[in-house]
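Chemist: Predicted model, plus sequence, below.
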There are 2 protein chains.
Amino acid sequence: MNEIKIFSPATVANVACGFDVLGFCLDSVGDDMVIRKTDKKGIHITKINNFDLPYEAELNVAGVSALAMYDAIDVNFGFEIEIYKNIKPGSGIGSSAASAVGSVFGMNELLGKPFNKIQLTEFAIKGEALASKCEHADNLAPALFGGFTLVKSISPLQILEIPSPDDLYATIIHPQIEIKTSESRAILPKEVPLSDAIAQSANLGSLVHALHTSDYKLISNSLHDVIVEPYRSQLIPHFNEVKLAVLKAGALGTGISGSGPSIFSLSKGEETANKVKDAIEKVYSKTGIDFDIHVSKINVKGVKIIE
Amino acid sequence: MNEIKIFSPATVANVACGFDVLGFCLDSVGDDMVIRKTDKKGIHITKINNFDLPYEAELNVAGVSALAMYDAIDVNFGFEIEIYKNIKPGSGIGSSAASAVGSVFGMNELLGKPFNKIQLTEFAIKGEALASKCEHADNLAPALFGGFTLVKSISPLQILEIPSPDDLYATIIHPQIEIKTSESRAILPKEVPLSDAIAQSANLGSLVHALHTSDYKLISNSLHDVIVEPYRSQLIPHFNEVKLAVLKAGALGTGISGSGPSIFSLSKGEETANKVKDAIEKVYSKTGIDFDIHVSKINVKGVKIIE
């Protein structure tokens, strides 16, 4: 096999109570990438369809993660990468993670899978760090492993795969505004009240238990972010209005996707997820802000070969 | 049935990463209590074998929880309570919780079980509050439900039963020193670094996952308390020495039981738990401080009828 086409999915990080550690994988949005062996050594990005991203491998997220893997192998050939990007950079649903994961997943397949998923995550972290200026894996892990993942620690890298109930759907709105990552980080407090830390922690423990037991009511009860949302939600226009509308429409819970501006909601069943979509559209269509919106089953497979 | 004898177990609250929310139930230590219907209306404590505790129901933890239940029923008889206390008050292994739970569990049995465990916890919280000056359930919940419990919230009361792996044992040392609850509370910071809150939360989420999957290695990796232990361990003589010794002896992890001074360790298998006991004895026998020590399987049943 000399060429492979893969689908690298969008992901939601933080998931309300799981700030910086929890994430889940989407099905309906993602990048397509073609990875091809080539006689010319090195990593060569030969096509990017969209978004004016750099072709120089060492300046491109997919290129940097690919180079990290390429440095770890000894082969007399190289790789070409074509990127068909559907996830807008800066949307808060893991655009850079999808790029970072796609190249290393594809290369690993063409090489006969010498690396496991933890090793692939290690390579992808290098690419992700180019985009976000720090090493984190809360989008990478769900993109690679699928489903819900908890990044217990970065060093050493420990990723836990948390079960995902069958009937869980996400609704995601991406308001077309720009939030600078630097701003969304700067707005966070350095210290938090002990009582908030306890509440957040209880919610995360509870959400993990709820996912294990497919307890949708408890999922709903656990999806609260008392630490980050009060700050970051100020950067997202009409966040509270959306929140009220989705809960009224039957969503289990809602929160900021990654560092925003996207907002995720989780629902039991596709029908409710679509009602939630309608409710969000109703709120946002009045604002004059452009937006993308979509419904997705939780993608338990993660990145995958499509051709 | 007019009389019942019950065993009300000791419990470990906090469990390293689960400050204020997590607890588990012990098998080897607990109070015995006799609850008896009597013609004389009201709650009457007729015997306490130990520790110079008050006989007036409204001043006694078991009495206050019993009164809370008694106020909720309408009967033309009363209850006598005999307390055979084996858990020393102030030991940090849920002495007051055992008393608070025992009386309401026993009364409920004699009444034909009109109340469920959540309702029993609500009554017991009133008794616990007499001892600890605040309403909390992190010892009550494991005493009533058995195994590991996560108190997700107090109002409304939400208690999650987390599975307990079959081969999990606790070793508990109770150094015979007094730590004032007020002091162990006052020493805690009001605010904690966000990074610590995230780490603690990741450990709790991870411990819940590890208990669900019987992953002993992950249990071990999760038993870290970065928030409370650095402060409270200063109040417990030789805490760090004990910690090093138990980990060397093969314990999965260790931490302060409740607000101390007891220290718990968890181990895979009884043999290791006994080695851990030997290691602690070796450290503590040199200190000149009296201590109790015991090994216990995790008690998945909780409070129970013995006669």
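Modeler: Received it, and whenever you're ready, just let me know what you need. Here the structure is a predicted model, which is why all the values come from computation and not from measurement. Residues are numbered from 1 along each chain as shown, chains lettered A, B, ... in the order given.
Chemist: Spell out which residues of the stretch 101-250 of chain A are next to chain B.
Modeler: By CB under 8 Å from any CB of the partner chain, the part of the stretch 101-250 of chain A that sits against chain B consists of A:150-153, A:158, A:160, A:162, A:188-194, A:196-198, A:200-209, A:212, A:218, A:221-222, A:227. The C-beta positions use only the backbone N, C-alpha and C, and glycine is treated the same way.
Chemist: Just the residues you listed: which are in helices?
Modeler: A:194, A:196-198, A:200-209, A:212, A:218, A:221-222 (DSSP state H).
Chemist: for chain A, longest strand please?
Modeler: strand A:22-38 (DSSP state E).
Chemist: And what about the closest residue to residue A:165 other than its chain neighbours, helix, strand or coil?
Modeler: Excluding its sequence neighbours, the residue lying closest to residue A:165 (CB to CB, 6 or more residues apart in numbering or on different chains) is residue A:214, at 4.0 Å. Put simply, residue A:214 is coil when judged by DSSP: H, G, I helix; E, B strand; the rest coil.
Chemist: quick one: the residue lying closest to residue A:305 once chain neighbours are set aside and residue A:13, what's the gap?
Modeler: In space, and not counting its chain neighbours, residue A:305 is closest to residue A:6: 5.5 Å by CB to CB, 6+ apart. The gap separating residue A:6 from residue A:13 is 21 Å, by CB to CB, to the nearest Å.
Chemist: who's more crowded, those two?
Modeler: residue A:13 (29 against 21; other CB atoms under 10 Å in any protein chain shown).
Chemist: residues contacting that one?
Modeler: A:22-23, A:94, A:138-139, A:142, A:257-258 (CB atoms under 8 Å, 6 or more residues apart in numbering or on different chains).
Chemist: who's it bridged to?
Modeler: residue A:23 (DSSP bridges).
Chemist: pLDDT score for it?
Modeler: Per-residue pLDDT puts residue A:13 at 97.
Chemist: Please tell me how far it sits from residue A:94.
Modeler: 7 Å.
Chemist: Overlap in contacts, those two.
Modeler: A:23, A:139, A:142, A:258.
Chemist: Quick one: buried ones out of those?
Modeler: Using 16 or more other CB atoms under 10 Å in any protein chain shown as the burial test, the shared contacts of residue A:13 and residue A:94 include A:23, A:139, A:142, A:258 as buried.
Chemist: Got the phi and psi for the second one?
Modeler: The phi/psi pair for residue A:139 (degrees, to the nearest 10) reads phi -100, psi -30.
Chemist: That one touches residue A:91, doesn't it?
Modeler: No - applying CB atoms under 8 Å as the test, residue A:139 and residue A:91 come out as separate, 11.4 Å apart.
Chemist: List the contacts of the closest residue to chain B within the stretch 151-300 of chain A.
Modeler: Nearest to chain B, among the residues of the stretch 151-300 of chain A, is residue A:197, at 3.8 Å (CB to the nearest CB). By CB under 8 Å, 6+ apart, residue A:197 lies in contact with A:227, B:192, B:196-197, B:200-201, B:227.
Chemist: Look at residue A:47 and say how many residues are nearby.
Modeler: Counted with other CB under 10 Å, residue A:47 comes out at 12.
Chemist: hang on, the earlier thing: in CSV: the buried ones among the shared contacts of residue A:13 and residue A:94, plus distance to residue B:68 and pLDDT.
Modeler: Shown next, in CSV, are those (distance: CB to CB, whole Å; pLDDT from 0 to 100):
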residue, distance to residue B:68, pLDDT
A:23, 44, 98
A:139, 49, 96
A:142, 46, 98
A:258, 46, 94
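Chemist: Tell me which two of those sit farthest apart.
Modeler: Pairwise distances across those (CB to CB) peak at 11.3 Å, for the pair A:142 and A:258.
Chemist: between these two, what contacts are shared?
Modeler: With CB under 8 Å, 6+ apart, residue A:142 and residue A:258 have common neighbours A:12-13, A:94.
Chemist: Which of those lies at the shortest distance from chain B?
Modeler: residue A:13 (12.6 Å).
Chemist: So residue A:251 sits against residue A:272, correct?
Modeler: Yes - using CB under 8 Å, residue A:251 is in contact with residue A:272, at 7.0 Å.
Chemist: More neighbours: those two, which one.
Modeler: Each of residue A:251 and residue A:272 has its neighbours counted (other CB under 10 Å); residue A:251 has more, 26 against 21.
Chemist: Chain neighbours aside, what residue packs nearest to that one?
Modeler: residue A:265 (4.1 Å).
Chemist: same thing with residue A:152?
Modeler: residue A:158 (4.0 Å).
Chemist: what's the answer for residue A:83, then?
Modeler: Closest to residue A:83 by CB to CB, 6+ apart is residue A:48, at 4.7 Å.
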